[in-house]
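Colleague: Turn this into a structure:
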Amino acid sequence: MGVKIAKPAFPGVSASVRARALLRSRPAGGRWRRASKALAPVGFIALAALVDAVAILGAALVSPTLYRALTLGLAPSVESVASIGTIAALLVALSTIQRGGYDRKHYLVSSGQFSRALSAWGFAILGALALSFATKTSSEFSRGAVGVFCVSGLVALTLGRRALVDAHAMLRRTSLAAPRRLIAIGFEDCLESLMGDLDWRREGVDVVSMIALRDNQACFADDLALAAAAVRMRRPDDIVLAIPWSRASVIEACIDAFLQTPAEIHLRTDGLLERFGEAKITRLGPIVGLNVTHAPLTRLELLEKRVFDIVVASLALIALSPLFALVALLIRLDSPGAALFRQNRYGFNQEAFRIYKFRTMTTVEDGDSVVQATRSDPRVTRLGAFLRRFSIDELPQLLNVLLGDMSIVGPRPHALVHDQQYVQRLARYARRHNVRPGITGWAQVNGHRGEISSDAKMRARLEHDLYYIDNWSFLLDVKIMLLTVFSRKAHSNAY
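Modeller: Numbering: from 1, shown residues only. Predicted coordinates:
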């Protein structure tokens with residue numbers, strides 16, 4: 001393996017200029033080859049969407065028969081739910097495409113297929129039912145058959161995706177869809193860092209060789225010539241250069257050497273982009289740049305989450321209206337003051353809004369001086385302690401959800417003065433405002449609630465909030481809602 005040495009110098013024309021000259025000199029056939037490679041992912045997306053559609057439509061067609069079988073033939077014949085199946089199939093395809101869910105990497109292993117299918121299926125069923133209700137056609141379908149379709153469609157969708165995973169694995173064992181062959185070339189320490197704990201096979205990449213270059217100007221030219229010969233012999237699909245970006249002259253020399261081989265060349269970053277998993281080269285209007293962050297939710301996901309919020313908040317407010325009236329009356333009887341408490345909080349895009357809660361204290365603080373509640377706080381009323389213990393005081397925030405200020409699930413909003421302090425003291429804290437705040441959140445169901453007595457506690461809460469933002473899914477929202485009700489952690493430190 002290589003030995004560390006001094007930085008070599010490689011004068012001459014810029015590698016980017018020579019690269020463009022070589023690209024212009026390639027035969028026209030190369031354009032067709034590059035075009036076919038560019039269209040390959042589109043073909044897989046179309047195939048995956050077709051598999052989903054066939055699975056869903058198949059489930060829709062057999063649902064009436066399954067319904068009659070489950071009722072032992074006692075139920076009368078019912079209308080086909082194929083029209084609902086068509087809408088559901090279209091919504092599944094659109095939502096999955098919008099999220100990038102048909103990317104080939106999602107079909108390398110069977111694990112995770114059910115959760116991704118459930119997320120897409122939940123959105124599709126809600127959308128199909130909402131559309132049938134809006135068009136007044138819901139009465140034309142048997143509720144039993146639709147119920148069977150809701151279950152059978154999810155099963156068919158999951159099985160179809162798993163079948164595609166198995167078919168993809170079978171093709172990868174042939175020359176038709178074999179794993180991409182990769183050769184890693186660079187300095188020894190960089191190669192060790194590159195290989196590290198990465199599971200290349202899981203990502204459909206076969207590392208066929210690692211070639212270490214000695215960091216010595218006297219040996220570098222010979223090492224590079226040998227590396228180029230090895231690349232021509234092994235014929236890889238991809239070459240990864242594990243060389244620090246600060247060694248621009250070394251990188252230029254390597255690019256010059258490997259441009260002569262029919263392999264794609266990738267330049268590994270110096271750890272600069274490791275925390276940006278979705279970093280990619282993109283074109284924005286007339287410029288080409290490196291995109292390191294993306295919106296937490298796509299437009300379709302925002303719509304999905306908003307529809308879910310409105311439906312849940314509306315149903316909850318209707319169901320809990322007697323409880324609201326009772327709690328409001330008890331608060332007025334327990335201590336003087338209004339039943340509802342209002343306070344300014346920061347929401348999406350750090351825009352201020354008025355949050356609603358049941359009043360649980362004798363004081364109503366807002367503005368530049370807000371003291372957090374502590375255990376056995378004398379300001380908390382007798383009824384307030386009970387309401388806070390079971391988070392009943394948070395229920396009026398369902399009104400904030402309907403108004404669009406909040407979501408059912410999201411990072412919990414803090415008082416303005418506290419929020420301003422944490423923005424200054426904790427890096428990435430402001431990212432909490434990339435989504436709507438929630439009545440409950442991932443941090444809360446993991447026990448991170450109550451008084452924030454140190455930056456360490458706030459940092460732990462922040463890490464959970466950022467995990468939620470970066471890994472949002474419909475299924476995660478449902479999981480958090482269930483944990484809010486049934487998990488003991490969700491109610492720990494509630495005072």
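
Colleague: For the rest of this, base every contact and every neighbour count on C-alpha atoms.
Modeller: Fine.

Colleague: domain assignment for the protein?
Modeller: Split into domains by automatic domain parsing, the chain comes to 38-172, 179-291, 299-491.

Colleague: May I see these organised as CSV, with mean neighbour count and mean pLDDT added?
Modeller: Below are those laid out as CSV (neighbours: other Cα atoms under 10 Å; pLDDT from 0 to 100):
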stretch, mean neighbour count, mean pLDDT
domain 38-172, 18, 83
domain 179-291, 16, 80
domain 299-491, 17, 87
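
Colleague: Just say helix, strand or coil for A430.
Modeller: Assigned by DSSP: H, G, I helix; E, B strand; the rest coil, the conformation of A430 is helix.

Colleague: ok, and the closest non-adjacent residue to it?
Modeller: Using Cα to Cα, 6 or more residues apart in numbering and skipping residues adjacent in sequence, the residue nearest A430 is V423, 5.9 Å away.

Colleague: Can you identify the element that follows the helix or strand containing that neighbour toward the C-terminus?
Modeller: Assigned by DSSP states H and E, V423 belongs to helix 416-425. Scanning forward in sequence from helix 416-425 by DSSP H and E, the next helix or strand is strand 438-440.

Colleague: helices or strands next to that next one in the packing?
Modeller: strand 407-409, helix 474-486 (3 or more Cα pairs under 8 Å, 6 or more residues apart in numbering; DSSP states H and E).

Colleague: which outside residues touch that strand?
Modeller: 394-395, 397-398, 406-413, 480-481, 484 (Cα atoms under 8 Å, 6 or more residues apart in numbering).

Colleague: helix or strand right after it?
Modeller: Using DSSP H and E, the helix or strand that follows strand 438-440 in sequence is helix 442-445.

Colleague: now that following helix, how far from the centre of its chain.
Modeller: For helix 442-445, the separation from the chain centroid amounts to 17 Å (computed by Cα atoms, centre = their mean, to the nearest Å).

Colleague: Can you list the neighbours in contact with it?
Modeller: Outside helix 442-445, the residues touching it (Cα under 8 Å, 6+ apart) are 410-411, 449, 461-462, 464-465, 468, 480, 483-484, 487, 489-491.

Colleague: Please enumerate the helices of the stretch 101-250 of the chain.
Modeller: 113-134, 143-172, 188-195, 217-234, 248-258 (DSSP state H, counting those that start in this stretch).

Colleague: could you redo the helices and strands packed on strand 438-440 as JSON lines and give each row distance to A156?
Modeller: Shown next, in JSON lines, are the helices and strands packed on strand 438-440 (distance: least, Cα to Cα, whole Å):
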{"stretch": "strand 407-409", "distance to A156": "29"}
{"stretch": "helix 474-486", "distance to A156": "18"}
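
Colleague: For N349, which of these is the nearest?
Modeller: strand 407-409 (13.8 Å; Cα to Cα).

Colleague: I'd like to know which elements the helix holding V423 is packed against.
Modeller: Here helix 416-425 touches strand 340-346, going by 3+ Cα pairs under 8 Å, 6+ apart.

Colleague: Would you quantify the distance from the residue sitting furthest away from the middle of the chain to A316?
Modeller: Here the chain reaches farthest from its C-alpha mean at A218, the gap being 48.2 Å by Cα atoms, centre = their mean. Using Cα to Cα, to the nearest Å, we find A218 at a distance of 75 Å from A316.

Colleague: now swap in R232 and tell me
Modeller: For R232 relative to A316 (Cα to Cα), the value is 66 Å.

Colleague: Find the residue closest to L466 in space, skipping its chain neighbours.
Modeller: Per Cα to Cα, 6+ apart, closest to L466 is R432, 6.8 Å.

Colleague: Now do the contacts for the one you found.
Modeller: With Cα under 8 Å, 6+ apart, R432 has these contacts: P411, L462, D465, L466, I469.

Colleague: In contact with A184, which residues?
Modeller: So A184 contacts L191, V207, S209, M210, I211, I239, V240, L241, A242 (Cα under 8 Å, 6+ apart).

Colleague: Nearest spatial neighbour of the fifth one, chain-adjacent residues omitted?
Modeller: With Cα to Cα, 6+ apart as the measure, I185 is the residue that lies nearest to I211, at 4.8 Å, once sequence neighbours are left out.

Colleague: just the last one next, same as before
Modeller: Nearest non-adjacent residue to A242, counting by Cα to Cα, 6+ apart: G186, 4.5 Å away.

Colleague: what's near enough to touch the one you found?
Modeller: If you count contacts by Cα under 8 Å, 6+ apart, then G186 has I211, A212, L213, L241, A242, I243 around it.

Colleague: Quick check: the third one touching C190?
Modeller: No - here L213 lies out of contact with C190, judged by Cα atoms under 8 Å, at a distance of 10.3 Å.

Colleague: Just want the angle from the helix holding V423 to strand 340-346.
Modeller: In terms of direction (axes from the mean of the first three to the mean of the last three Cα atoms, to 10 degrees), helix 416-425 departs from strand 340-346 by 20 degrees.

Colleague: and helix 416-425, how far out from the chain's middle?
Modeller: Worked out by Cα atoms, centre = their mean, helix 416-425 lies 27 Å from the chain centre.

Colleague: three-state assignment of V307?
Modeller: helix.

Colleague: any idea how far it lies from I87?
Modeller: The gap separating V307 from I87 is 17 Å, by Cα to Cα.

Colleague: Repeat that for F324.
Modeller: 38 Å.

Colleague: measure stretch 432-439 end to end?
Modeller: 14 Å.

Colleague: Same question for stretch 128-141.
Modeller: 12 Å.

Colleague: In space, not sequence, find me the middle residue of this protein.
Modeller: Centre-nearest of the chain using Cα atoms, centre = their mean is N471, 3.6 Å out.

Colleague: how about that residue, phi and psi?
Modeller: phi -130, psi 30 (degrees, to the nearest 10).

Colleague: Which residues does stretch 231-247 contact?
Modeller: 7, 180-187, 190-191, 194, 208, 250-251, 254, 261-270.

Colleague: and that stretch, how far from the chain's centre?
Modeller: 31 Å.

Colleague: doesn't V151 make contact with L66?
Modeller: No - applying Cα under 8 Å as the test, L66 and V151 come out as separate, 11.0 Å apart.

Colleague: For A156, give me its contacts.
Modeller: A55, I56, G58, A59.

Colleague: L224 too?
Modeller: Contacts of L224 (Cα under 8 Å, 6+ apart): L213, C254, A257.

Colleague: Could you report the distance from it to I211?
Modeller: L224 is 10 Å from I211, by Cα to Cα.

Colleague: got it, and V364?
Modeller: 68 Å.

Colleague: So V165 is in contact with S110, correct?
Modeller: Yes - the criterion here is Cα under 8 Å, and V165 meets it with S110 at 6.3 Å.
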